[in-house]
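[1] Predicted coordinates and the sequence they were generated for:
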Amino acid sequence: MYDCTIVGGQIITPNGPIFADLALSGDSIAAIGHGLNGERVIDASGCYVIPGGVDPHVHLQLALGGLVSTDSFSSGTIAAACGGTTTIVDFADPQPGQSMGDALAARRAEADGQVAVDYGLHMTIPTWHGQSAERLAEVPAMLAAGCATFKLYQAYARMELDDVALHRSMAAVAKAGGRVVLHSETGPLLDHLRAEAVAAGHIGAIWHERTRPACLEATAIHRAAEIAHLTGCPVHIFHVGCAEGVVEIVTAKSRGVAITGESCPHYLLLTADKHLGGPDGNLYICAPPLRSAADQSALWRALADGGLDLISTDHCPWTRSEKAQRSFAQVPGGVPGIESRLSLLHHFGVNRGHISLARWVELCATAPARLMGLPRKGILLPGYDGDVVIFDPKREKTISTDTLHEAADWTPFAGMTVTGWPRTVLLRGRVIVADEEYIGAAGDGEFIKRSVKCE
């Protein structure tokens, strides 16, 4: 007799859906088969049974320029849980003079006891760390502490690394056995273009997109891929938003570079025309910026054929008032999206024929778990964590701030009606969302130590 069985649903496997029961014992999946008996039975009739989503790119209670992003570790992970995501990866960001170890301890102190789902942390290598052999000597200790991935930037003052620092940092990560995750844009030139635009009086939101041309995203990816190849460091490109960037990733893969890439729902579903909508244009400022419908088509193709490897959210929420700045150059970048990822990809991806059910699960759970070093997450197999989502493919929901648990007072997907929404969510065998209602508790989630394998 198992602790719990989930019966009557279609389990989405890497080879497609199968009708079978799934049994849980303790915090793990115990068996998949027919006629399994459990002390508790959950009826999944008419629903898909899928692994809990893994979102490897979120920013909860991020301190930036005197502001703190709107979702706390508590509210953000509750929203994630209600959207079918049971593991997130956020960031530890060393401040000037702070060691990586101290940054990790400080970030864990913020999250532990607050998170509703499991979490990991990327370790950021900011400018002064990337230029310091002493600081880079901390990398192996961070691997041992469970931070298997290291965030590097090619843009943003205080964060950006020139090519020499990028090479030095990637070499250190490769030697320690880690993976780099990268914000890839040509930062110094973007700074110049933005300053020129503002000086000429161009302060409207659309100038955010016009001063961050796609070619400067693509050329940054090209340089990063070459440096990664030279150092033998696997590199994952965050938030790819343009066709040119996809081409660089696919071309690098064909040369044998250990490179992967992701996109996000806002790049798939929104265009730069959102910046032309009057005062609300500032809301959609994020980096890299929203692009065109042609770019969206290229992203969907790449998600289907393997050119891109996964979908994250880059959830970085700010309120309307925080976004309401006079100039685009002053607007904090980022949009919310942690809760609706699975449903948006199901509705606009699966239902519209862009991706299969199996690819949907691969993009939102299996691939991010594999690439980010979460060996017990992302797939439904005996021995894996009992992170399970019962997803109702016929449930219609119109997205709004009233239907989401995110803390921001706006959502970029407002008014979109999706067919398909998570009904029940289990974290390591425990129900934390039942009939779309969050019933978990603060601290249900745990810090997960990660290690990556070079592929």
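    Alright, I've got the coordinates. Residues are numbered from 1 along each chain as shown.
[2] Skip ahead from the longest helix anywhere in the chain and say which helix or strand is next.
    Longest helix in the chain, counting residues (DSSP state H): helix 214-231. Using DSSP states H and E, the next helix or strand after helix 214-231 towards the C-terminus is strand 235-237.
[3] List the buried residues of that following strand.
    For strand 235-237, a neighbour-count test (16 or more other CB atoms under 10 Å) marks 235, 236, 237 as buried. C-beta coordinates here come from the backbone N, C-alpha and C atoms, glycine included.
[4] which of these lies closest to residue 140?
    Distance to residue 140, by CB to CB, is smallest for residue 235 among the buried residues of strand 235-237, at 18.7 Å.
[5] how far is the longest helix of the chain from where the chain is centred?
    Chain-centre distance of helix 214-231: 21 Å, with CA atoms, centre = their mean, to the nearest Å.
[6] Over to stretch 208-223?
    With CA atoms, centre = their mean, you get 21 Å for stretch 208-223.
[7] Same check on stretch 49-56?
    The answer for stretch 49-56 is 11 Å, by CA atoms, centre = their mean.
[8] what about it, start to end distance?
    21 Å (CA to CA, to the nearest Å).
[9] Could I get the average pLDDT for that stretch?
    Averaging pLDDT along stretch 49-56 gives 98.
[10] picking that back up, out of the buried residues of strand 235-237, who's nearest residue 379?
    Among the buried residues of strand 235-237, and counting by CB to CB, the member closest to residue 379 is residue 236, at 19.1 Å.
[11] Can you give me the pLDDT of that closest one?
    98.
[12] tell me the contacts of it?
    149, 179, 180, 181, 182, 259, 260, 261, 262, 309, 371 (CB atoms under 8 Å, 6 or more residues apart in numbering).
[13] Next one: it from residue 111, what distance?
    22 Å (CB to CB, to the nearest Å).
[14] do the same with residue 73
    5 Å.
[15] Need the residues touching each of the two.
    Joint contacts of residue 73 and residue 111 (CB under 8 Å, 6+ apart) are 60, 90, 119.
[16] is it true that the first one touches residue 77?
    Spelled out, it's residue 60. Yes: between residue 60 and residue 77 there is a contact at 7.3 Å, judged by CB atoms under 8 Å.
[17] Quick check: neighbours shared by the two?
    residue 88.
[18] Make sure residue 23 is actually in contact with residue 39.
    No: in this structure, residue 23 is not within contact of residue 39 by CB under 8 Å, at 10.5 Å.
[19] Tell me which of these two has more neighbours.
    Comparing residue 23 with residue 39 by other CB atoms under 10 Å, the one with more neighbours is residue 23, at 22 against 9.
[20] residues of the helix or strand hosting the more buried one that come out buried?
    Element membership of residue 23, judged by DSSP H and E, is strand 21-25. The neighbour-count check on strand 21-25 (16+ other CB under 10 Å) flags 21, 22, 23, 24, 25 as buried.
[21] again with stretch 447-454
    447, 448, 450, 451, 452.
[22] what do you get for stretch 330-337?
    331, 332, 333, 334, 335, 336, 337.
[23] Name the nearest residue to residue 91, ignoring sequence neighbours.
    residue 122 (5.0 Å; CB to CB, 6 or more residues apart in numbering).
[24] and the gap between the one you found and residue 133?
    Residue 122 is 21 Å from residue 133, by CB to CB.
[25] more neighbours, these two?
    residue 122 (27 against 8).
[26] Can you name the secondary structure element that comes next after the helix or strand of the chain with the lowest mean pLDDT?
    Every helix and strand in the chain was compared by mean pLDDT, DSSP states H and E; the lowest is helix 127-130, with a mean of 82. Downstream of helix 127-130, the first helix or strand assigned by DSSP H and E is helix 133-136.
[27] circling back: can you lay out the buried residues of stretch 447-454 as JSON lines showing distance to residue 248?
    Below are those laid out as JSON lines (distance: CB to CB, whole Å):
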{"residue": "447", "distance to residue 248": "34"}
{"residue": "448", "distance to residue 248": "31"}
{"residue": "450", "distance to residue 248": "27"}
{"residue": "451", "distance to residue 248": "28"}
{"residue": "452", "distance to residue 248": "22"}
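[28] got the residues you listed as CSV, with distance to residue 67 and pLDDT columns?
    Converted to CSV, those look like this (distance: CB to CB, whole Å; pLDDT from 0 to 100):
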residue, distance to residue 67, pLDDT
447, 25, 98
448, 28, 98
450, 29, 97
451, 34, 94
452, 32, 88
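[29] what's the burial count for residue 7?
    Residue 7 is flanked by 20 other residues according to other CB under 10 Å.
[30] beta partners for it?
    residue 43 (DSSP bridges).
[31] what stretches of this protein score poorly on pLDDT?
    454-455 (pLDDT under 70).
[32] Pull the residues that contact the longest helix of the chain.
    Contacts for helix 214-231 (CB under 8 Å, 6+ apart): 154-155, 163, 166-167, 170-171, 174, 180, 182, 184-186, 189-190, 234-235, 237, 240-245, 247-249, 252, 255-259, 288, 291, 295.
[33] which of those residues count as buried?
    154-155, 166-167, 170-171, 174, 180, 182, 184-186, 189-190, 234-235, 237, 240-245, 247-249, 252, 257-259, 288, 291, 295.
[34] Just to be sure, which of those residues are found in helices?
    Using DSSP H, the buried ones among the contacts of helix 214-231 in helices are 166-167, 170-171, 174, 189-190, 243-245, 247-249, 252, 295.
[35] and those residues, which two are the farthest apart?
    Across these (CB to CB), the longest gap, 32.7 Å, separates 171 and 295.
[36] and the end-to-end length of stretch 60-79?
    Stretch 60-79 has an end-to-end distance of 11 Å (CA to CA).
[37] Ok, stretch 241-261 next?
    10 Å.
[38] try stretch 435-450
    Start-to-end span of stretch 435-450 (CA to CA) is 31 Å.
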